[in-house]
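Trainee: No letters, just coordinates:
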């Protein structure tokens, strides 16, 4: 993955919820759901990346998945040095971030989310789940959330 | 502390002291949110349709806030006055991303650690390695 000259301005947990099951099991199976969204602030040449992650596990005696927790993080990057990779259209919604830059920012944000979850969720079941390393290109983008010249 | 004041305090039931402390904390919290948002008592009074003097009375920390009032203040300030931790609660539901077009990664299975050396750990997904607590990694089903 190419390196980009960007700066993390802020990184924070926007929302965190843990739903701990009352019964502890020896083995858990389930799934992780991931979603990312990108927002561009053209005035400040910032790009904000929101990562949403939710872990589901199967309950005892049934195959129904139940959520055990949700985390939503926001990382704001200064993209001043890479601004040529952001194309702005006439309309507010016409913002296009270079695919490689977008994947790079999502990669940084997702991996930061992994660390934040580990720390924030230390008393919860969701915090015990190590989010896997995945290709950022595989993380789906939230519909209607890409871009926006604020 | 004077003897009279001390006697008066001792005469109060314990829950009344607790309530007074909570009222003060709520007043402090309102004050902090107003300050953070650059709002005045007047702004809050207008948002709630109350008089400024009533808000000032609340801020003395003696008001017995009801949930109704707290809910209205929450709405007016767009913030939560009281946070109730949700740890160790069960919530049945579909979750936030259940119906969205999210990337789904199966977790199969997430095994607990064998040979726990510290049974005080809340979850058996922890194991101790030397002095460190290690989280058991999940195994991905890549099929």
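Mentor: That came in fine, so what should we check first? The shown structure was predicted, so the numbers you read here are calculated from the model rather than taken from an experiment.

Trainee: how close does residue B:19 get to residue A:125?
Mentor: Separation of residue B:19 from residue A:125 (C-beta to C-beta, to the nearest Å) stands at 35 Å. The C-beta positions use only the backbone N, C-alpha and C, and glycine is treated the same way.

Trainee: which one of those two has more residues nearby?
Mentor: The residue with more neighbours, out of residue B:19 and residue A:125, is residue A:125; 23 against 15, by other C-beta atoms under 10 Å in any protein chain shown.

Trainee: Look up phi and psi at the residue in chain B positioned nearest to chain A.
Mentor: Relative to chain A, the nearest point of chain B is residue B:95 (3.3 Å; C-beta to the nearest C-beta). Backbone torsions of residue B:95, given as degrees, to the nearest 10, read phi 80, psi 170.

Trainee: So what's the residue count around the residue nearest to it when sequence neighbours are not counted?
Mentor: Of all residues not flanking residue B:95 in the chain, residue A:67 sits nearest, at 3.3 Å (C-beta to C-beta, 6 or more residues apart in numbering or on different chains). By other C-beta under 10 Å, the residues close to residue A:67 number 23.

Trainee: Name every strand pairing with the helix or strand harbouring residue A:67 and say which way it goes.
Mentor: Under the criterion of DSSP states H and E, residue A:67 resides in strand A:65-78. Using DSSP bridges, the strands paired with strand A:65-78 are strand A:7-18 (antiparallel), strand A:46-58 (antiparallel).

Trainee: What residues of that strand count as buried?
Mentor: A:65-78 (16 or more other C-beta atoms under 10 Å in any protein chain shown).

Trainee: any idea of the mean pLDDT in that strand?
Mentor: For strand A:65-78, mean pLDDT is 92.

Trainee: Can you say which of the strands paired with strand A:65-78 is packed in most?
Mentor: Among the strands paired with strand A:65-78, the stretch with the highest mean neighbour count (mean count of other C-beta atoms under 10 Å in any protein chain shown) is strand A:46-58, at a mean of 24.

Trainee: what mean pLDDT would you report for it?
Mentor: Averaged across strand A:46-58, pLDDT comes to 91.

Trainee: name the helices or strands packed onto the longest helix along chain B?
Mentor: In chain B, with assignment by DSSP state H, the single longest helix is helix B:14-37. In terms of contacts (3 or more C-beta pairs under 8 Å, 6 or more residues apart in numbering or on different chains; DSSP states H and E), helix B:14-37 is packed against helix B:41-48, helix B:52-59, helix B:67-77.

Trainee: possible to save those helices as TSV with mean neighbour count, mean pLDDT and distance to chain A?
Mentor: Listed next are those as TSV, based on neighbours: other C-beta atoms under 10 Å in any protein chain shown; pLDDT from 0 to 100; distance: least, C-beta to the nearest C-beta, whole Å:
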stretch	mean neighbour count	mean pLDDT	distance to chain A
helix B:41-48	17	92	24
helix B:52-59	16	89	29
helix B:67-77	15	91	16
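
Trainee: Of the ones you listed, which is nearest residue B:8?
Mentor: Nearest of those to residue B:8, taken as C-beta to C-beta: helix B:52-59 at 21.7 Å.

Trainee: which strands and helices sit next to the closest one?
Mentor: helix B:14-37, helix B:41-48.

Trainee: winner for burial among the ones you listed?
Mentor: Greatest average neighbour count among the helices and strands packed on helix B:52-59 goes to helix B:41-48 (a mean of 17), per mean count of other C-beta under 10 Å.

Trainee: hmm, which two among the buried residues of strand A:65-78 are most spread apart?
Mentor: Counting by C-beta to C-beta, the most remote pair of the buried residues of strand A:65-78 is A:66 and A:78, 39.5 Å apart.

Trainee: quick one: contacts for the residue in chain A that chain B sits nearest to?
Mentor: Relative to chain B, the nearest point of chain A is residue A:67 (3.3 Å; C-beta to the nearest C-beta). Contacts for residue A:67 (C-beta atoms under 8 Å, 6 or more residues apart in numbering or on different chains) come out as A:19, A:54, A:55, A:56, B:91, B:93, B:94, B:95, B:96, B:98.

Trainee: Correct me if wrong: residue A:18 contacts residue A:129.
Mentor: No - if you go by C-beta atoms under 8 Å, residue A:18 and residue A:129 don't touch, sitting 11.1 Å apart.

Trainee: which ones are touching residue B:96?
Mentor: Residue B:96 is in contact with A:52, A:54, A:67, A:70, counting by C-beta under 8 Å, 6+ apart.

Trainee: Residue A:143 too?
Mentor: By C-beta under 8 Å, 6+ apart, the contact list for residue A:143 reads residue B:101.

Trainee: Thank you, goodbye.
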